[in-house]
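Trainee: Build me a structure from this.
(chains A and B, ligands or ions: 2)
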Amino acid sequence: MAYVPLADRDSEMEMHHPHTWIGRWVFCQDHKVIAIQYGSIAVFTGLVGLILSLLFRMQLGFPETADYIDPSFYYQAVTMHGMIMVVYLLTALFLGGFGNYLIPLMCGARDMVFPFMNMLSVWVFLVSVIILMASFFVSGGPTGGGWTLYPPQTNLAGTPGHDMGIVLMLVSLGVFIVATTMGGLNYVVTVLQYRCRGLTMMRLPLSVWGIFIATILALFAFPALLVAAIMMLFDILLGTSFFMPAIIESGAPLDHNGGSPVLFQHLFWFFGHPEVYIVALPAFGLVSDVLSVHARKNIFGYRMMVWAIIAIGGLSFIVWAHHMYVSGMHPYFGFFFATTTLIIAVPTALKVYNWVLTLWEGDIRLNAPMYFAIGFIFTFIHGGLTGLFLGNVVIDLPLSDTYFVVAHFHMVMGVSPVLVVFAAIYHWYPKMSGRMFHEGMAKLHFWCTFLGTYAIYLPMHYLGFLGVPRRYYALGTTDFLPQSAQDLNTAITIAALFVGASQLLFFINIIWSLRNGPKADPNPWGAASLEWHTPDTPPKHGNWGESLPTVYRWAYDYSVPGAHEDFIPQNTPESEEPTVDEQHFDPDQDESLADV
Amino acid sequence: MSLFKTITAKPWETKGVIGGLEAEGAIDAPNEKVALSVFLVVASVVFSLFTVGYFLRMELPDWQPLSEPAQLWFNTGLLVISSVLFQWARNIVNTDDHKNVKIAFITGGFFAIFFIAGQLLTWSNLQEAGYFMTSNPANAFYYLMTGLHAVHLLGGLWVWSKSSIRLLSGRDSNDVKLSIELCTLYWHFLLVIWLVLFALLSNT
Ligand code: HEM
Ligand SMILES: [Cu+2]
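Mentor: Ligands and ions are numbered 1, 2, ... in the order given. Predicted structure coming up:
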């Protein structure tokens, strides 16, 4: 059946302009408002996660003074911190926040394809956060089984939150998955179907590609978590034995029998590894655009960047068992997963080369977003290299479950994406708010965050080599750990407190600038992609005023000789393309045209 | 537009408008249908993962196969009829035969309800015969997977009931046509899932 659109695209979408405050900010179907709601809920949850981390760092750094933290709370804080940061902060912020804001604007669309479902998505996300937070207030408190929630440990009496906490966690994850699925269907269909005239897939900015592929990963990976959560809930609430083996709890045998904890690990990591790329791919995309704009160069190897995103997305589904080398797997199995793990490093490294080559001979403008983007290249290389260590079975065995792993994933999944989040917020802030932020303060924020996080995570690699195990409430007295390990922990805690406090610079800056910042130019960085060429700043509901834009080129025409401002926006037709002014054009100055 | 051709285009070389006078999506189908198709893939992943879990758990020594009640054949028949009726409604939706569209679509949904009732009946029969969820992992998987399938069907029935009301109120606009088409797709999908589940459960 051939599909005949009901109406011309321009008028197809009925814009419902709300007039009340509630209609405008609460039950709003505008993708930009939904993006800000998603982002704010995620950041709020992330602040809870940050405070939890500072609390358990107090225990590690100052075990004597921090006696208000008992072992149970320590484990609960570590667990909730991990889950909050991975799922409720980063996943929600990249897909729900940046995805919602940027996809329609960069695709030249008026909104998402299904605005109502989009609104539903953010409300369901809020419900999942409320359920998660509720676990702090139930008897027994939140679960303390580690963010990986491994059974049987999570469900046994010795673990805090084994009664209500874990149930709420699993339910909350289930609800979160519903929200992401609703949002995800929207993002995928919008990218496929709502691109404006002339905007082919390969003309999309890499931000959209990153978010698009990450969304597909989310749609396929979260089901594994859902399946694991459902079966675990059955084990806990209905007494089945999917995962629970025969086991003795406080001297008495439990009713469970014969379940397979390793099955849970497979399901969890079949979700868990793609999940790290659900966070990483949008970061890759966003940082590519920030680098290209502020280096005034087209992104190096655009096609390769797209292919790498797709390849990483595909490969990320066949590496999961590198998290399970110590689970007693068959050596050939480990061999297979070590191989795939090292293969995935190839497209990843390719992206890193291309970012560096984008900077090469660029007309770099060291604005605050660029600071963060370049900082990301450092931290990501760093974390990627330690990943290569851990990907090899023999090297991983002694390092697994030590602080080396903690250092690896915080460099690669904690610091790097967060630097991109800041780069992206500073980069798009003028468009979102219509105001400029305070540049000096943003740069100070960068140095505090960048150097501070290095002070936290660099020593952790060393602790890992010493053999300090992760998830230990206290080191106690052991022969293999010198006193200096404890001293290092104290130093790390001080750095963590410093980094935590310095985030105030960010919040003060963006909140203060919302009212008091100087009015922003519609396109302060001179960017070529569509979102900077809306008729209003910030864009109004419907984004494009009277008629949708038409796209004539890709999003990376920078440093074009003779161009009015050195770049050509995506929606500039060829006829208006600047011609090189013979008199002012000096071929020696511009190699790119020397051979024309 | 092949996928390979799409991702090997060199965007920095070609300038100007690519494509016709109107913006067009990558897939020549209504957006709702694209979204539903993606969702069907997601749902298949969920069922496949349960199946993988089933096979892995089956290897362990405490597994005692459940002999599925014969009534499942009857239930399967109900679901097949339901799908056939939906297909019939879908086939004639563009003709003037409004009456039969209504009959086929609405009775189709009712047969799905009968199917769910039949599934509940097998559940209670199994319970009475002492096959409890906790007694064996095979039983647990049986309840879990059939239950999950029924939940998916209930979701479909919710859309079906909304469309039925619109159909009965006489507004057979394009919307209702699309909804009939999508319901049919969804019903066929759930039939296939059910057949696979049924084969899996009864052969192990
Ligand atoms: C260069 C590519 C990478 C390789 C070869 C690699 C390898 C590994 C390996 C083998 C482990 C398991 C260590 C263990 O538990 O013993 C691991 C853990 C981890 N990796 Fe990576 N990784 C890479 C990139 C990434 C990226 C890009 C992210 C996220 C954006 C990431 C996030 C994580 C996380 C979160 C964990 C720890 C999970 C946990 O046990 O709690 N990795 N990595
Ligand atoms: Cu991994």
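Trainee: Alongside ligand 1, which residues does the stretch 101-250 of chain A contribute?
Mentor: Contacts of the stretch 101-250 of chain A with ligand 1, taken as C-beta under 6 Å from any ligand atom, map to A:Thr148. Any C-beta I mention is one placed from the backbone N, CA and C, and that applies to glycine too.
Trainee: And the stretch 351-500 of chain A, by the same measure?
Mentor: A:384, A:387-388, A:390-391, A:396, A:400, A:405, A:408-409, A:412-413.
Trainee: Quick check: chain neighbours aside, which residue is closest to the closest residue to ligand 1 within chain B?
Mentor: Residue of chain B nearest ligand 1, by C-beta to the nearest ligand atom: B:Leu49 (20.3 Å). Closest residue in space to B:Leu49, ignoring its immediate chain neighbours: A:Val227 at 4.5 Å, by C-beta to C-beta, 6 or more residues apart in numbering or on different chains.
Trainee: Let me see the contact set for that neighbour.
Mentor: Applying C-beta atoms under 8 Å, 6 or more residues apart in numbering or on different chains to A:Val227 gives the contacts A:267, B:46, B:49-50, B:53.
Trainee: in chain A, what spans have low per-residue confidence?
Mentor: Low-confidence segments of chain A (pLDDT under 70): A:1-19, A:578-596.
Trainee: residue nearest the centroid of it?
Mentor: A:Val279 (3.4 Å; C-alpha atoms, centre = their mean).
Trainee: was I right about that residue contacting A:Leu93?
Mentor: No: contact criterion C-beta atoms under 8 Å: A:Val279 and A:Leu93 do not qualify, at 9.1 Å.
Trainee: follow-up on the earlier one: okay, and the residue nearest to B:Leu49 sits in which element?
Mentor: Assigned by DSSP states H and E, A:Val227 falls within helix A:206-233.
Trainee: My guess is A:Ala368 contacts A:Trp447. True?
Mentor: No: counting by C-beta under 8 Å, A:Ala368 stays clear of A:Trp447, with 10.7 Å between them.
Trainee: So for these two, which sits in the more crowded spot?
Mentor: Set A:Ala368 next to A:Trp447 and count neighbours by other C-beta atoms under 10 Å in any protein chain shown: A:Ala368 wins out with 24 against 12.
Trainee: where does the closest residue to ligand 1 within the stretch 451-596 of chain A fall, phi/psi-wise?
Mentor: Residue of the stretch 451-596 of chain A nearest ligand 1, by C-beta to the nearest ligand atom: A:Arg470 (8.2 Å). For A:Arg470, the backbone dihedrals (degrees, to the nearest 10) come out as phi -80, psi 170.
Trainee: which stretches of chain B have low pLDDT?
Mentor: Low-confidence segments of chain B (pLDDT under 70): B:1, B:171-173.
Trainee: go again using 90 as the cut-off
Mentor: Residue ranges of chain B with pLDDT under 90: B:1-9, B:12-28, B:61-62, B:64-70, B:92-102, B:129-130, B:133-135, B:166-177, B:202-204.
Trainee: can you give me the helices for it?
Mentor: B:3-7, B:31-58, B:71-92, B:98-128, B:137-168, B:174-203 (DSSP state H).
Trainee: Against A:Val415, how distant is A:Val87?
Mentor: Going from A:Val87 to A:Val415 by C-beta to C-beta, to the nearest Å gives 18 Å.
Trainee: got the contact list for A:Gly301?
Mentor: A:350, A:354, A:357.
Trainee: Can you report phi and psi for it?
Mentor: The phi/psi pair for A:Gly301 (degrees, to the nearest 10) is phi 70, psi 50.
Trainee: Could you check which residue of the stretch 351-500 of chain A lies nearest chain B?
Mentor: A:Thr358 (13.6 Å; C-beta to the nearest C-beta).
Trainee: quick one on the thing from earlier: could you single out the nearest of the residues of the stretch 351-500 of chain A next to ligand 1 to A:Pro549?
Mentor: For those, the minimum distance to A:Pro549 (C-beta to C-beta) is 35.6 Å, reached by A:Met413.
Trainee: ok, back up a step: filter the residues of the stretch 351-500 of chain A next to ligand 1 down to the ones in helices?
Mentor: Counted as lying in helices by DSSP H, out of those, are A:384, A:387-388, A:390-391, A:396, A:405, A:408-409.
Trainee: would you list every one of the helices in the stretch 351-500 of chain A?
Mentor: A:368-391, A:393-399, A:403-409, A:416-433, A:439-466, A:483-516 (DSSP state H, counting those that start in this stretch).
Trainee: Which other helices and strands does the longest one contact?
Mentor: Think helix A:483-516. helix A:31-61, helix A:416-433, helix A:439-466 (3 or more C-beta pairs under 8 Å, 6 or more residues apart in numbering or on different chains; DSSP states H and E).
Trainee: how does it look with 6 Å?
Mentor: helix A:31-61, helix A:439-466 (3 or more C-beta pairs under 6 Å, 6 or more residues apart in numbering or on different chains; DSSP states H and E).
Trainee: do the fourth one as well
Mentor: With contacts defined as 3+ C-beta pairs under 6 Å, 6+ apart, helix A:416-433 has these neighbours: helix A:261-294, helix A:368-391.
Trainee: Please state the offset of the longest one from the chain centre?
Mentor: From the chain centre to the centre of helix A:261-294 is a distance of 7 Å (C-alpha atoms, centre = their mean, to the nearest Å).
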